[in-house]
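# Can you look at this prediction? I've put the sequence above it.
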Amino acid sequence: MCIMNTKQFCNIVEIRTKSISMVTFLCGSIYAYFATGLWSWKIGLLMALSVLFVDMGTTGFNTYFDFLNGTDRAKTNKEKDKVLVHEGIEPISALLVSLGLFMLSGVLGLFLAYYTSWKLLVVGFVCMVVGFTYTGGPFPISRTPFGEVFAGGFLGSVLFMLSYYVQTKSIDRQVFLVSMPFLFLVALILTINNTCDFASDKNSGRKTLSIVLGKKKSLWLPYLEFGIAFLLATILLVKGIYPLWVLPFLFIAFMLSLREMKMLYARGFSPETKSVSMASIAKLYVLFGLAFFFGHLVSLVTG
């Protein structure tokens, strides 16, 4: 039995991908301050840690269940950081790590609920259930065509709105509209993942959206999600919901992201290119998030 080290722990929770949830949290938080002028460092820190632990725990469950149900196999998986597959780490390690992270997040959630609203516990519980059942339980969400909807909905829109809510103790239709580009960009990340895993997912019986659409049609899906995200952001700019200062940052993000998209398609989608492709698509999400964040920050500074 192998003893898990720090590097292997980071691989189990895929620490490199946590930039996605942290960027969403930052964007929801700055929008809360931009829209209402409300901000608490104490609540912000509690929320950041709670989000991080839930995200890490969810990924740990994904690691555990993907190994358990045969989705990750040594013959088909080429990702060196899959330590359960390639380094002999016991699956129970991933399960215990994930349970521990969810417990820590739950404790932080109690403090957040105390400072904001006890209704937050219900939402947090639902988020944890979705995180667990994404790959766990009798009907894993990841094995259905609805993975993009749940991932984008919770890691994009719901997380954005929660980050807004804990600071303002309110929510409205406009906050939901502001969060929509994040939903499609998170869905894009999952689509790239599933397109690279097309063969192994199909062999393991998954029915992801990429598999339902077929090999050829699924190649158009990333461009569609990418285009919708930036189109929605442009509409929100024109409507005056995003401040004008977002425009130059968004343009830079779009041009750099378009370059990343072209490189993605040039490499192709396969297990061999997955690690590089996932790094590229995470970079794209961070670019959009930074454009949103700095656009609002400059607007706040310039008054």
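Great, that's in hand. Numbering: from 1, shown residues only.
# so who does residue 139 touch?
residue 133 (C-beta atoms under 8 Å, 6 or more residues apart in numbering). Backbone N, C-alpha and C define where each C-beta goes, glycine included.
# Just to be sure, it is in a strand?
No - counting by DSSP: H, G, I helix; E, B strand; the rest coil, residue 139 is located in no strand; its state is coil.
# Now do it against residue 293, distance only.
When distance is defined by C-beta to C-beta, to the nearest Å, residue 139 is 37 Å away from residue 293.
# I'd guessed residue 120 sits against residue 166; true?
Yes - assessed by C-beta atoms under 8 Å, residue 120 is found in contact with residue 166 at 7.1 Å.
# any shared contact partners between the two?
residue 112.
# higher neighbour count, these two?
Neighbours were counted for residue 120 and for residue 166 using other C-beta atoms under 10 Å; residue 166 has more, 24 against 21.
# Would you mind listing the residues in contact with residue 152?
Applying C-beta under 8 Å, 6+ apart, the residues contacting residue 152 are 182-187, 190.
# if I look at it, how far off is residue 194?
Taking C-beta to C-beta, one finds residue 152 at 13 Å from residue 194.
# Residue 163 too?
From residue 163 to residue 194 the distance is 26 Å (C-beta to C-beta).
# the more surrounded of these two?
Each of residue 163 and residue 194 has its neighbours counted (other C-beta under 10 Å); residue 163 has more, 27 against 22.
# Hmm, that one is touching residue 32, no?
Yes - contact criterion C-beta under 8 Å: residue 163 and residue 32 qualify, at 6.9 Å.
# Just checking, which helix or strand of the chain averages the lowest pLDDT?
helix 83-86 (a mean of 63; mean pLDDT, DSSP states H and E).
# mind listing what's buried in the helix or strand that it is followed by?
Going down the chain from helix 83-86, the next helix or strand is helix 91-115, by DSSP states H and E. Across helix 91-115, burial judged by 16 or more other C-beta atoms under 10 Å covers 93-95, 97-98, 101-102, 104-106, 108-109, 112-113.
# counting contacts, what elements does the helix or strand hosting residue 177 pack onto?
Residue 177 is part of helix 173-196 when elements are defined by DSSP H and E. Helix 173-196 sits against helix 19-36, helix 147-151, helix 159-168, helix 209-213, helix 215-218, helix 221-238, helix 274-302, with contacts defined as 3 or more C-beta pairs under 8 Å, 6 or more residues apart in numbering; DSSP states H and E.
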